[in-house]
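Enquirer: Give me a 3D structure for the following:
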Amino acid sequence: MSGTWETLERGRELLAAETGTACKEAEVRVALLYPSPYRVAMSSLGYQAIYGVLNDLPGVAADRAVLPEDTSAYRRSRIPVFSLERQEPIGQYPVVAASVAYELEIPGLLECLDLSGIPVLAAEREATHPLVIAGGPLTFSNPVPLGPFCDIILMGEAEESVPWLISQLWEHEGSRDAFLATVAKHSGAWVPSVHGEAVPKVAMASRELLPARSRIMTPHAELSSMFLTEAVRGCSRGCTYCVMRRSTNGGMRVIDPGKILGGIPEAARRVGLVGASVTDHPRIAEIVRGIVESGREVGISSLRADRLSDELVGLLARGGYRTLTVASDGASERLRAFIERKTYERHLLRAAELAKKHGLTTLKIYMMVGLPGEEEADIDELVRFTLELARIHPRVALGVSPFVAKRNTPLDRAPWDGIGRIERKLERLRLGLKGRATVRPTSSRWGFVEYMLAQGDMATGLAAMDAWRAGGSFAAWKKALAARGHAM
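Expert: Numbering: from 1, shown residues only. Presented below is the predicted three-dimensional model:
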């Protein structure tokens, strides 16, 4: 019992530190679940936006729940996952709606359901169990591995789908089968028990509903006490590896600067501009200037090296930036041309010069290794060019991740490069740089797991369940994937 009391007390502490929390009595309550810890959940604009959509509906309230920091302690103490607002086990809600950002959050969803006494497999749930609905960024690529665990998956932008879904829940109260049959006819809704693995197209919200804005600010988020607002939705570019390229949902939709700046609450001292291509906004300098000159700090989710100007980087420095982060994604000019990433060496050299000029302490560059056709010569070019950057700026850091082919992109089905090959390339990179730049790689092993899920089907989802039940180690994943017919 002491463990339960401490858990509830921690929830109360988190709530007390928030501003903007909805405190609402309503006939219908939805447990809005994020399958990662609180600090990650509250830095997700999509999660916060749906929290607002639900709480704006008459007679409906959303209570948040997140993956516990220490799930083993919950399991030992038999503590269910509680909602933050009402401190009620999510298994007692009629609906659990999960926002899933990417493939490796699937085990977190299973953990939350299981801890709460909800069967993880949709086929094993009864009428007394909550409906489990999922949505989020993962639906833009490949949600099929989620299929065994969800009653409904809302594809793409959910600002209009969610209110419609709630209205149907009311209309079909007491008849789950009739409700699912009705939802299955709705565009943008995937009902695995009806559709099998035939996934519909992603939904697109009307421009009038933009921008999404955060409802809650908290110092306990990864983006501490930051108000998040969209500057753009979608992207105008054609990078062949990206699910948010210009062919997705009509490309980039630009938000008017007045609407962005006018929606910032007076109390917000830190503002984050969110979108797949924020610096492609034609009036981005005007927006950043408005934030900085109001005495606030600013953050941008995606800086394009070819869109940086002296004015913009100067404003970012005034707005609290210490690290200038851009992406090149391909290790060489040849590979960047192959993936249609129109970032050239001259853009990155200019970024280094601007970072140094305006006193930013670090230049960080994100990139991928393991692209199709990548050779040692490409890594050697990366070494040579990174050393050029290091001669301009004293502190250069490379954030390196393995390439993972995603569905709904031109590079869908591209092969996995291999854990061993990726590790050898990383070692070649480190040896070539000789400590004159920092290499910060993400795990090639977990990149392989992400790849298998990104390219997977419902059987891959069942393998994820097997691996989770076996403890979630990489060895457990290898064994589970092989048993389901997905060997390395």
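
Enquirer: What helix or strand is the residue most central in space within the chain located in?
Expert: Geometric centre of the chain, nearest residue: residue 101, 3.8 Å, by Cα atoms, centre = their mean. Assigned by DSSP states H and E, residue 101 falls within no helix or strand.

Enquirer: Pretty sure it sits against residue 137.
Expert: Yes. Here residue 101 reaches residue 137: they are 4.9 Å apart, a contact under Cβ atoms under 8 Å. Where you see a C-beta, it was placed from the backbone N, CA and C, and this is true even at glycine.

Enquirer: ok so, going back, so how far is residue 35 from the residue nearest to the centre of the chain?
Expert: Separation of residue 101 from residue 35 (Cβ to Cβ, to the nearest Å) stands at 9 Å.

Enquirer: With residue 87 instead?
Expert: 19 Å.

Enquirer: Who has more neighbours out of those two?
Expert: residue 35 (25 against 15; other Cβ atoms under 10 Å).

Enquirer: quick one on the thing from earlier: now for residue 101 and residue 137: what residues contact both?
Expert: Listed as contacting both residue 101 and residue 137 by Cβ atoms under 8 Å, 6 or more residues apart in numbering are residue 46.

Enquirer: What helix or strand is residue 178 located in?
Expert: Residue 178 belongs to helix 176-183, assigned by DSSP H and E.

Enquirer: Oops, could you answer that again for residue 368 instead?
Expert: Short version, using DSSP H and E: residue 368 is in strand 362-369.

Enquirer: following that strand, which helix or strand shows up next?
Expert: Beyond strand 362-369 on the C-terminal side, the first helix or strand identified by DSSP H and E is helix 376-392.

Enquirer: Surely residue 447 is in contact with residue 422?
Expert: Yes. With contact defined as Cβ under 8 Å, residue 447 reaches residue 422; the gap is 7.2 Å.

Enquirer: Quickly list what's touching both of those two.
Expert: 370, 402.

Enquirer: Enumerate every residue touching the closest residue to residue 139 other than its chain neighbours.
Expert: Leaving aside its chain neighbours, residue 139 sits nearest to residue 155 (4.6 Å; criterion: Cβ to Cβ, 6 or more residues apart in numbering). If a contact means Cβ under 8 Å, 6+ apart, then residue 155 has 135, 139, 140, 143, 188, 189, 190, 199, 200, 201, 202, 203 as its contacts.

Enquirer: swap in residue 373?
Expert: By Cβ under 8 Å, 6+ apart, residue 373 lies in contact with 335, 338.

Enquirer: those strands in the stretch 101-250 of the chain, which residues are they?
Expert: Remark: strands assigned in the stretch 101-250 of the chain by DSSP state E, counting those that start in this stretch are 131-135, 152-154, 189-190, 227-230, 232-233.

Enquirer: May I see these arranged in TSV, with mean pLDDT as well?
Expert: Compiled in TSV, those are given as follows (pLDDT from 0 to 100):
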stretch	mean pLDDT
strand 131-135	98
strand 152-154	98
strand 189-190	97
strand 227-230	97
strand 232-233	96
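
Enquirer: and residue 115, which of these is closest to it?
Expert: Closest approach to residue 115 among the strands of the stretch 101-250 of the chain (Cβ to Cβ): strand 131-135, 13.8 Å.

Enquirer: Parallel or antiparallel, list what pairs with that closest one.
Expert: Applying DSSP bridges to the sheet, strand 131-135 is found paired with strand 95-99 (parallel), strand 152-154 (parallel).

Enquirer: mind listing what's buried in the shortest one?
Expert: The reference is to strand 152-154. 152, 153, 154 (16 or more other Cβ atoms under 10 Å).

Enquirer: Identify the residue nearest residue 432 in space, chain neighbours excluded?
Expert: Per Cβ to Cβ, 6+ apart, closest to residue 432 is residue 383, 3.4 Å.

Enquirer: same thing with residue 60?
Expert: Ranked by Cβ to Cβ, 6+ apart and with sequence neighbours excluded, the top spatial neighbour of residue 60 is residue 28, at 4.9 Å.

Enquirer: and the one you found, backbone torsions?
Expert: phi -110, psi 130 (degrees, to the nearest 10).

Enquirer: same question, residue 288
Expert: Taking degrees, to the nearest 10 as the convention, residue 288 sits at phi -60, psi -40.

Enquirer: any idea which helix or strand carries the nearest residue to it once chain neighbours are set aside?
Expert: Once flanking residues are discounted, residue 288 sits nearest to residue 315: 4.6 Å by Cβ to Cβ, 6+ apart. Using DSSP H and E, residue 315 sits in helix 310-318.

Enquirer: and the very next helix or strand once past that helix, what does it pack onto?
Expert: Counting by DSSP H and E, the element after helix 310-318 in chain order, helix or strand, is strand 323-329. On a contact count with 3 or more Cβ pairs under 8 Å, 6 or more residues apart in numbering; DSSP states H and E, strand 323-329 meets helix 345-357, strand 362-369.

Enquirer: Try it again at 10 Å.
Expert: Counting contacts by 3 or more Cβ pairs under 10 Å, 6 or more residues apart in numbering; DSSP states H and E, strand 323-329 packs against helix 310-318, helix 333-338, helix 345-357, strand 362-369, helix 376-392, strand 396-402.

Enquirer: Buried residues, it. List them.
Expert: Applying 16+ other Cβ under 10 Å to strand 323-329 flags 324, 325, 326, 327, 328, 329 as buried.

Enquirer: What angle do strand 396-402 and it make with each other?
Expert: Interaxial angle of strand 323-329 relative to strand 396-402 (axes from the mean of the first three to the mean of the last three Cα atoms, to 10 degrees): 40 degrees.

Enquirer: SS state for residue 452?
Expert: Taking DSSP: H, G, I helix; E, B strand; the rest coil as the rule, one finds residue 452 in the helix state.

Enquirer: What about it, how many residues nearby?
Expert: Neighbours of residue 452 under the rule other Cβ under 10 Å: 24.

Enquirer: same thing with residue 250?
Expert: 11.

Enquirer: and if you look at the one 3 residues further on?
Expert: When counting by other Cβ under 10 Å, one arrives at 18 neighbours for residue 253.

Enquirer: surely it meets residue 205?
Expert: Yes. The pair residue 253 and residue 205 passes the contact test of Cβ atoms under 10 Å, sitting 9.4 Å apart.

Enquirer: Give the residues shared as contacts by the two.
Expert: residue 233 (Cβ atoms under 10 Å, 6 or more residues apart in numbering).

Enquirer: what residues do residue 101 and residue 35 have in common as contacts?
Expert: Joint contacts of residue 101 and residue 35 (Cβ under 10 Å, 6+ apart) are 41, 136.

Enquirer: can you pull the contacts of residue 164?
Expert: With contact taken as Cβ under 10 Å, 6+ apart, residue 164 is in contact with 154, 158, 183, 186, 188, 189.

Enquirer: quick one: pLDDT of the residue nearest to the last one when sequence neighbours are not counted?
Expert: By the measure of Cβ to Cβ, 6+ apart, the closest residue to residue 189 outside its immediate chain neighbours is residue 183, 5.0 Å from it. In the predicted model, residue 183 carries a pLDDT score of 96.
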